[in-house]
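Chemist: Provided below for reference: sequence and predicted model.
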Amino acid sequence: MTTPAPKSMDAIMALCKRRGFIYQASEIYGGINGFWDYGPLGAQMKKNLRDAWWQDMILSPCWGRKGPGGQRVHCVPLETCIIQHPKVWEASGHIAGFNDPMVDDKETKQRFRADQLSGLFPEPSIHSSLEQIRPQCTVIASTVGEAIELLSADKSLRKAAGVRAIGQSFPDAGVIEADFGTGMARWNVALVPMSLLRDHARDVPSPYTGKKGSLTEPRQFSLMFFTYTGAVLDEDNKVYLRPETAQGIFVQFKNVVDTSRVKVPFGIGNTGRSFRNEITPRNFTFRSREFEQAELEFFCHPSESQDWYAFWRDFRMDWWKAIGLAGDNLILREHEKDELSHYSIGTSDVEYRFPFTSPGFGELEGIAHRGCFDLTQHQQHSGVKQDYFDQERGDPLPNGSRKGERYLPHVIEPAAGLDRGALALICEGYTRDESRPSPEFLKLHPRIAPIKAAVFPLVNKDGMPEVAEKLHADLSRRFGHLGFIETDPKQSIGKRYARMDEAGCPFCFTIDGDTLTGQTVTLRDRDTGQQQRIAIDQAPAMLGEKLQR
RNA sequence: GCGGGCGUAACUCAGUGGUAGAGUGACAGCCUUCCAAGCUGUACGUCAGGGGUUCGAAUCCCCUCGCCCGCUCCA
């Protein structure tokens, strides 16, 4: 299978700017790395995407599709704060996980994670205590097996490390035979302890050059944004901006259960901004430091969790297809076992082939089976029970009811990136067709398009503008809550069509001479340029029907 | 974080030491009965920012910021 040539990202970015979809944040001050703003059309488009998610996930979940047990899917919304108690992030593991200590090699200017450095250590002798043992050489590898494999396979790596020859290796024992110029000897392979890197960085050889003295001490890189509550800048007042919306849901799980008559299985949805201090913001809005998520946490009985996982994975894929990403550029990718988070039983990504990832793919949404990891963590850290009493489970009682069962629900998490979704829809919709009068246009799904329709008088005279004005007012009343309804009497009709094509407006109504005599208008389709003539009083119903699809 | 490329009007770009330009777009008017048509006119620039060299800098030098690409990273 051949991959079609990727669309020009430069052209897409130029269109986004030109038509007011996406601007660089703080542009007049030179911009700020990793932040982007949405212009008028972009803001409306993203709202449409968010509304579509809300509609299909919360208000009418899964288009009415039944769950694995044949039951109706039930979800409720929640809106939680960007700033939560700092302990939320301790419990979730983000504070630890987001603060990987890194080591730089000052000579080569390269950087690696301090906990991913392995070394070849001499066997301890009676003359040296364990604290004095220094690695003879190092390689970047987080496991003993990986280190041995790298040394065995990579000749240039051996050269950098000063290894002249490799003998036998015993991965299970963590031992390898190597000759550093003093004859073949046995070496213990082990992770370089953090304490050694911290206190004796100068004694640790660089994994890049084999030379000692060029490594820095491990340094913290905070991937979470923080600020202070209250006016006093005191470490005790330090709080974090959330890196995901999900934790807000978990910490309110009990409240939702206790106050909203929900029964497991059910979902809680939450959309909103999250913040990650990305090391390398890149690729337009794809990896932004401030971004918007649409996350659902679906709580279910552990025994049903696998079925719900498959259910949500499939539905989410179908959903992206339904709003305009149908085709080879969209895939569902099941994570390999070694790719999974420590707590996850299964994860799938919905991925899109962006022009800048092609022929590879970039993640739009992750659907994760999180087990009961989060509720367990919060139960432990907060001391507040998070278990659920299910009255419909357990042994039958004589009176016909059930004894009930107490358990920590398992969680399926479909977590979508709205900015990435919007970007994918723009990339997918961006089309150049030189055979058209307006070669450049944006094929946005009617549900997502920020401009829903335009009404044009063919010429700006003979009473046509007045008729257009009236139809515009009518359509605005009925559909204005979904997006813009435009009208424009100026300039040539071709130019006005072209403008709408470029902005992704799917439908144009045109008032012409026949409207005045026969009460009909033409309805032009953006993608084909084809027109059909309909009665003017049918226009609202016709548009309503087309916007539903 | 490293390496490379780039930054001039809303967009695409020309301008390599001597008065900041073109096309497109936008806006106004005329014209116009279906696809960026035509005519007339108007507005639009901290030449990414700062510093330096020079009589004079968009142009040469230094620093910073931003964007793109390749590494790296992506809990």
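Modeler: Arrived safely. Remember, it's a predicted structure, so these values are computed and weren't measured experimentally.
Chemist: who's in contact with A:W53?
Modeler: A:271, A:294, A:416, A:418 (CB atoms under 8 Å, 6 or more residues apart in numbering). Bear in mind the C-beta positions are built from the backbone N, C-alpha and C, glycine included.
Chemist: change it to 6 Å
Modeler: A:A294 (CB atoms under 6 Å, 6 or more residues apart in numbering).
Chemist: and the gap between it and A:K546?
Modeler: To A:K546, A:W53 is 21 Å away according to CB to CB, to the nearest Å.
Chemist: Same question for A:E440.
Modeler: Where A:K546 is concerned, A:E440 sits at a distance of 23 Å (CB to CB).
Chemist: Which of the two has more residues huddled nearby?
Modeler: A:E440 (18 against 15; other CB atoms under 10 Å).
Chemist: For the more buried one, report the pLDDT, please.
Modeler: On pLDDT, A:E440 comes in at 90.
Chemist: got the residues of the stretch 151-300 of chain A near RNA strand B?
Modeler: Contact residues, the stretch 151-300 of chain A versus RNA strand B (CB under 7 Å from any atom of the strand): A:223, A:243-244, A:276, A:278-284, A:287.
Chemist: Now that we have those, which of them are buried?
Modeler: A:223, A:243-244, A:276, A:281, A:283-284, A:287 (16 or more other CB atoms under 10 Å).
Chemist: In a markdown table, list the residues you listed along with secondary structure and pLDDT.
Modeler: Listed next are those as a markdown table, based on DSSP: H, G, I helix; E, B strand; the rest coil; pLDDT from 0 to 100:
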| residue | secondary structure | pLDDT |
| --- | --- | --- |
| A:L223 | coil | 79 |
| A:P243 | coil | 92 |
| A:E244 | coil | 93 |
| A:R276 | coil | 90 |
| A:P281 | coil | 86 |
| A:N283 | coil | 89 |
| A:F284 | coil | 92 |
| A:R287 | strand | 91 |
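Chemist: Which one of those is nearest to A:T357?
Modeler: A:N283 (7.8 Å; CB to CB).
Chemist: That closest one and A:D37, how far apart?
Modeler: Counting by CB to CB, the gap from A:N283 to A:D37 is 17 Å.
Chemist: Repeat that for A:A91.
Modeler: 33 Å.
Chemist: same deal with A:F356?
Modeler: 20 Å.
Chemist: Out of the two, name the residue with the larger neighbour count.
Modeler: A:F356 (16 against 13).
Chemist: For that one, give me phi and psi.
Modeler: A:F356 adopts backbone torsions of phi -90, psi -10, taken as degrees, to the nearest 10.
Chemist: Please apply the same query to A:E413.
Modeler: Taking degrees, to the nearest 10 as the convention, A:E413 sits at phi -120, psi 100.
Chemist: Now the spatially most central residue of chain A. Its backbone dihedrals?
Modeler: Nearest to the mean C-alpha position of chain A, by CA atoms, centre = their mean, lies A:G417 at 3.7 Å. With angles defined as degrees, to the nearest 10, A:G417 sits at phi -100, psi 120.
Chemist: where in chain A is pLDDT low?
Modeler: Scanning chain A for pLDDT under 70 picks out A:1-5, A:96-100, A:106-111, A:125-131, A:220-221, A:338-343, A:549.
Chemist: Show me how it divides into domains.
Modeler: Following automatic domain parsing, one finds the domains of chain A at A:9-93+A:239-394+A:413-428, A:101-220, A:441-548.
Chemist: in a strand, that's where A:E297 is, yeah?
Modeler: Yes - judged by DSSP: H, G, I helix; E, B strand; the rest coil, A:E297 forms part of a strand.
Chemist: need the contact list for the nearest residue to it once chain neighbours are set aside.
Modeler: Of all residues not flanking A:E297 in the chain, A:I249 sits nearest, at 4.6 Å (CB to CB, 6 or more residues apart in numbering). Contacts for A:I249 (CB under 6 Å, 6+ apart) come out as A:78, A:268, A:270, A:297.
Chemist: Show me the residues you listed that map onto strands.
Modeler: Residues of the contacts of A:I249 located in strands (DSSP state E): A:268, A:270, A:297.
Chemist: Touching, the first one and A:E297? I think so.
Modeler: What that stands for is A:I268. Yes - with contact defined as CB atoms under 6 Å, A:I268 reaches A:E297; the gap is 5.3 Å.
Chemist: mind listing what A:R164 touches?
Modeler: A:179, A:181.
Chemist: if we go to 7 Å?
Modeler: A:179-181 (CB atoms under 7 Å, 6 or more residues apart in numbering).
Chemist: What helices and strands are in contact with the helix or strand where A:A190 lies?
Modeler: Element membership of A:A190 [criterion: DSSP states H and E] is strand A:184-191. Identification of packing neighbours for strand A:184-191 by 3 or more CB pairs under 7 Å, 6 or more residues apart in numbering; DSSP states H and E yields strand A:117-121, helix A:144-153, strand A:175-179.
Chemist: Okay, helices next: where are they in the stretch 151-300 of chain A?
Modeler: Using DSSP state H, counting those that start in this stretch, the helices of the stretch 151-300 of chain A run over residues A:155-161, A:194-199, A:246-251, A:253-259.
Chemist: Let's have the ones you listed in a markdown table, adding distance to A:E351.
Modeler: Output for the helices of the stretch 151-300 of chain A, formatted as a markdown table (distance: least, CB to CB, whole Å):
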| stretch | distance to A:E351 |
| --- | --- |
| helix A:155-161 | 32 |
| helix A:194-199 | 35 |
| helix A:246-251 | 20 |
| helix A:253-259 | 29 |
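Chemist: most tightly surrounded among those helices?
Modeler: When you average the neighbours per residue for each of the helices of the stretch 151-300 of chain A (mean count of other CB atoms under 10 Å), helix A:246-251 leads with a mean of 23.
Chemist: How far away from the center of its chain is that helix?
Modeler: 17 Å (CA atoms, centre = their mean, to the nearest Å).
Chemist: Need the CA coordinates for that helix. PDB is fine.
Modeler: This file holds the C-alpha atoms of helix A:246-251, laid out as PDB (Å, rounded to 0.1, in the frame of the first residue of the first chain):
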ATOM      1  CA  ALA A 246      -9.300  12.900  34.500                       C
ATOM      2  CA  GLN A 247      -8.200  13.300  38.100                       C
ATOM      3  CA  GLY A 248     -11.000  15.900  38.700                       C
ATOM      4  CA  ILE A 249     -13.400  13.200  37.900                       C
ATOM      5  CA  PHE A 250     -11.900  10.600  40.100                       C
ATOM      6  CA  VAL A 251     -11.800  12.800  43.100                       C
END
